[in-house]
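Undergrad: need a 3D model of the following:
(chains A, B, C and D)
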2 protein chains.
Amino acid sequence: MKKRLSISDIAKNLGISVTTVSFILNDKAKEKRISDALTHRVLDYVKKVGYKPNQLAKSLRTGKSKTLGLLVEDISNTFFANIAKQIEQRAYDHGYHILYCSMNNDVNRAKELIQLFHDRQIDGFIIAPTEGLSEVIHNLLKNNVPIVLFDRFIEDLDTNYVVSENKQGAYMGSKYLLEDLKATKVGMLTINSGQTQMRSRLDGYMQAMDESGRDAVIKKIQVDQPDDVTIDLVRDFIVDNKLDAVFFATNYIAIAGLKAIKKYKLNIDKIVSFDDHAIFSLFQTPVTSLAQDIKSISDHIIQILISEINGKGKEYQHVVIPCELKVRT
Amino acid sequence: MKKRLSISDIAKNLGISVTTVSFILNDKAKEKRISDALTHRVLDYVKKVGYKPNQLAKSLRTGKSKTLGLLVEDISNTFFANIAKQIEQRAYDHGYHILYCSMNNDVNRAKELIQLFHDRQIDGFIIAPTEGLSEVIHNLLKNNVPIVLFDRFIEDLDTNYVVSENKQGAYMGSKYLLEDLKATKVGMLTINSGQTQMRSRLDGYMQAMDESGRDAVIKKIQVDQPDDVTIDLVRDFIVDNKLDAVFFATNYIAIAGLKAIKKYKLNIDKIVSFDDHAIFSLFQTPVTSLAQDIKSISDHIIQILISEINGKGKEYQHVVIPCELKVRT
DNA sequence: TTGAAATGATAAAACCTTTTAGCAAAATTA
DNA sequence: TAATTTTGCTAAAAGGTTTTATCATTTCAA
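TA: Model (predicted):
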């Protein structure tokens, strides 16, 4: 196991100075007036011996780690896992690596992790923020750390974000139930969270209800309760309100809903859910969904973050990406 | 945005040497005979000013980055996403961060990424290896880089691995179809891959078939072909062979299978799949599955890797974790 | 009382880069 | 020809840690 070559080994072997090698390797040969002949000699030698700069030393000196932090609620959730995959691809294209973590609804853990990432000189953060994080994110912003929020944003925090067109999407979905499927009693199942995307989805639903003159029927469930409790709540909600259609605000609520429908043989066949999921095309009664454009979301996140890291982009950017109504019958 | 404190700031402010502070911070006070009084003075001061050591400098000096690399086929696949979540938790508990990437069935990309991670002084690798990676992994091993393979291993590569009890699981699943469900014609759908886990699952199925005196009926499909092609192949397989039961070798094959069953209204209700998936309990005909013990797999991976990093564990470890047959009716 | 051992601390090197400031020689200008 | 500018390169500092080797003092044993 031979020791890795360092830049000073290169310099020594070539009989020139470390500085010169560094300049050449960092594409500053022209700017620093290194002769073409020497430049090529160094480049050739470096390629021949397969020298790779020590990224740690580089980072220590420059303060740039070429690493981004991705913080989500739960990396095993399909939506976040898919985002993670796209983000990673784009990031590597730009020479960045990704550190990730799941916050698991634990504000203290989240704060600790953000601090930890920051201590590691992470160059930028990609965060699906939860409510308790306002302050710690605010601190990052004060320190000029590049950040892009996604999936939702935080109202009183002026920063970049990339979200889906949640209100419009929910409006489309609700309209679809009311007008295309001629539903007469449409309920919405959502979670008890003040997160912006949830509020927007509720707004979209409400607007569609208002316009149609129908009553809104809404139930908010708790995210952290046991599955079977949720399932029973869903049944009660559908049965008690005599619903003939239901709009699920996220894919995991929808899954609980489908479990209830199957378990209690509920007779309801007009279903829309936010977020697409492989299950939806396979369930006995097909579920129409509002698919978020994960590719576009990821592209925007990386583009905004990288350009902010590179010192471009003066203004904070707010990007809103349309959803696609995937009709299933 | 005030500059972060360094260890030399601490030393200066306290009127002592950097060395002393470093010893105290690294729990070497006793060993290096620093007085209790001074030790406490330093610790108190460090806590008061909230000093955090620069991890980059630390890594540069020690050669340890406190980072692990996780390489999987596709981080958006539920199995890998779930593993990723568990691994991450465990890793953070030990003070390690995780860099991840999806290899996407692209050997060159995979090699490049492994090299990239290695250049970043990653302390250890967690890899679900594909066939072309034998050589590059072999090189890592020669350089004494700690590695744990999981999900599958590579035959001619002597190293740590953690896999599920694939053969026994497939045997159980096949027996269940044959004996409990009284199936008479059981087909196996798998992929055209020589990966060890696939071969073991095939072996388990074969053994059950042999013991029962039934013919084995096997189709291998290609992973990278379009969904609808796969779906049609599945239908042909089931119909042409007049199967009354089918064993899917992975969850994503199973999903294609379920799509075929739904699309062509195939009359088959004895189904087992390797890997659990939320869909399986919701499909019109319930799918019994062989659930891998993701928690146990992850625990073992981290435990083996960390102990190898810490120089314990002389011998390579081979861990085989039982699967659970999740019967659904 | 003396020599040896233990105590409590530290200076400086090392890890590997980037970058600032500067130097000698060659080329250009006046 | 003398003064100035350009060319081509480099020494050394800086970034923040860990670790080796060493050095005064103090304590102890003989």
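Undergrad: spit out the contact partners of the closest residue to A:S289 other than its chain neighbours.
TA: The shortest distance from A:S289 to any non-neighbouring residue, by C-beta to C-beta, 6 or more residues apart in numbering or on different chains, is to A:D276 (4.4 Å). Glycine gets a C-beta too; all of them are placed from N, C-alpha and C. Contact partners of A:D276, counting by C-beta atoms under 8 Å, 6 or more residues apart in numbering or on different chains, are A:251, A:289-292, A:326.
Undergrad: which SS state does A:I218 fall under?
TA: Here A:I218 takes the strand state, with states given by DSSP: H, G, I helix; E, B strand; the rest coil.
Undergrad: let me fix that: A:I98
TA: Under three-state DSSP, A:I98 falls in the strand class.
Undergrad: my guess is it contacts A:T67. True?
TA: Yes: look at A:I98 against A:T67 with C-beta atoms under 8 Å: they come within range, at 7.3 Å.
Undergrad: joint contacts of the two?
TA: Shared contacts of A:I98 and A:T67 (C-beta under 8 Å, 6+ apart): B:L99.
Undergrad: how about A:F125, secondary structure?
TA: Here A:F125 is strand, with the state taken from three-state DSSP.
Undergrad: could I get the pLDDT score of it?
TA: A:F125 carries a pLDDT value of 98.
Undergrad: please, which helix or strand holds the closest residue to A:I302 other than its chain neighbours?
TA: Distances taken as C-beta to C-beta, 6+ apart put A:R90 closest to A:I302, at 4.1 Å, once the chain neighbours are dropped. Applying DSSP states H and E as the criterion places A:R90 in helix A:78-93.
Undergrad: output that helix as CSV, restricted to C-alpha atoms.
TA: The C-alpha trace of helix A:78-93 is given here as CSV (Å, rounded to 0.1, in the frame of the first residue of the first chain):
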residue,chain,number,x,y,z
THR,A,78,-40.8,7.5,-2.3
PHE,A,79,-41.1,11.1,-3.0
PHE,A,80,-38.0,12.0,-1.2
ALA,A,81,-36.1,9.0,-2.4
ASN,A,82,-36.9,9.9,-6.0
ILE,A,83,-35.8,13.5,-5.4
ALA,A,84,-32.6,12.2,-3.8
LYS,A,85,-31.8,10.2,-6.8
GLN,A,86,-32.2,13.0,-9.2
ILE,A,87,-30.5,15.5,-7.0
GLU,A,88,-27.5,13.2,-6.7
GLN,A,89,-27.1,12.8,-10.4
ARG,A,90,-27.2,16.5,-11.1
ALA,A,91,-24.9,17.3,-8.2
TYR,A,92,-22.3,14.8,-9.4
ASP,A,93,-22.5,16.4,-12.9
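Undergrad: who touches that helix?
TA: For helix A:78-93, the surrounding residues in contact (C-beta under 8 Å, 6+ apart) are A:68, A:70, A:72-75, A:97-98, A:100, A:126, A:128, A:150-151, A:251, A:275, A:277-278, A:292, A:294-295, A:297-299, A:301-302, B:74-78, B:81, B:84, B:100-102, B:113.
Undergrad: ranges for the helices of the stretch 1-150 of chain A?
TA: Under the criterion DSSP state H, counting those that start in this stretch, helices of the stretch 1-150 of chain A are mapped to A:7-14, A:18-25, A:36-49, A:55-62, A:78-93, A:107-119, A:134-142.
Undergrad: now do the first one, average pLDDT.
TA: Helix A:7-14 shows an average pLDDT of 96 in the prediction.
Undergrad: by contact count, what packs against it?
TA: The contact analysis (3 or more C-beta pairs under 8 Å, 6 or more residues apart in numbering or on different chains; DSSP states H and E) places helix A:7-14 against helix A:18-25, helix A:36-49.
Undergrad: deepest of these, which one?
TA: When the helices and strands packed on helix A:7-14 are scored by mean count of other C-beta atoms under 10 Å in any protein chain shown, the highest mean neighbour count falls to helix A:18-25 (a mean of 18).
Undergrad: now A:V136. Nearest residue, chain neighbours left out?
TA: Distances taken as C-beta to C-beta, 6+ apart put A:K111 closest to A:V136, at 4.9 Å, once the chain neighbours are dropped.
Undergrad: quick one, what contacts the one you found?
TA: Neighbouring residues of A:K111 by C-beta under 8 Å, 6+ apart: A:132-133, A:136.
Undergrad: nearest to chain B among those residues?
TA: Of all these, A:V136 has the smallest distance to chain B: 14.1 Å, by C-beta to the nearest C-beta.
Undergrad: burial count for the closest one?
TA: By other C-beta atoms under 10 Å in any protein chain shown, the residues close to A:V136 number 19.
Undergrad: then A:I114?
TA: Neighbours around A:I114, by other C-beta under 10 Å: 24.
Undergrad: hang on, it packs against A:L141?
TA: No: assessed by C-beta under 8 Å, A:I114 is found out of contact with A:L141, at 11.8 Å.
Undergrad: flag the shaky bits of the stretch 1-150 of chain A, pLDDT-wise.
TA: Per-residue confidence for the stretch 1-150 of chain A (pLDDT under 70) gives these ranges: A:1-2.
Undergrad: near DNA strand C, which residues of it?
TA: With C-beta under 7 Å from any atom of the strand as the criterion, the stretch 1-150 of chain A comes near DNA strand C at residues A:3-4, A:6-8, A:18-19, A:22-23, A:25-26, A:51-54, A:57-58, A:60-62.
Undergrad: need the buried ones from the residues you listed selected in PyMOL.
TA: Buried members of these, identified by 16 or more other C-beta atoms under 10 Å in any protein chain shown, are gathered into one PyMOL selection as follows:
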select buried, chain A and resi 7+22+23+25+51+53+54+57+58+60
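Undergrad: out of the residues of the stretch 1-150 of chain A next to DNA strand C, which are close to DNA strand D?
TA: By C-beta under 7 Å from any atom of the strand, the members of these lying near DNA strand D are A:18-19, A:23, A:57, A:60-61.
Undergrad: can you redo these as TSV with distance to B:K259?
TA: Formatted as TSV, the entries for these read as follows, by distance: C-beta to C-beta, whole Å:
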residue	distance to B:K259
A:V18	61
A:T19	62
A:F23	58
A:A57	52
A:L60	52
A:R61	54
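Undergrad: chain center to stretch A:260-277, what's the gap?
TA: Chain-centre distance of stretch A:260-277: 26 Å, with C-alpha atoms, centre = their mean, to the nearest Å.
Undergrad: interface residues of the stretch 101-250 of chain A facing chain B?
TA: Residues of the stretch 101-250 of chain A lying near chain B by C-beta under 8 Å from any C-beta of the partner chain: A:101-102, A:113, A:115-116, A:119-121, A:142-144.
Undergrad: quick one, which of those residues are buried?
TA: When these are checked for burial by 16+ other C-beta under 10 Å, the buried set is A:101-102, A:113, A:116, A:120-121.
Undergrad: ok, A:A260 to A:V223 distance?
TA: A:A260 sits 16 Å away from A:V223, taking C-beta to C-beta, to the nearest Å as the criterion.
Undergrad: these two - which one has more neighbours?
TA: Neighbour tally, A:A260 and A:V223, criterion other C-beta under 10 Å: the higher count belongs to A:A260, 25 against 13.
Undergrad: could you find the closest non-adjacent residue to A:I218?
TA: When the adjacent residues along the chain are set aside, A:I218 lies closest to A:M188, with 4.9 Å between them (C-beta to C-beta, 6+ apart).
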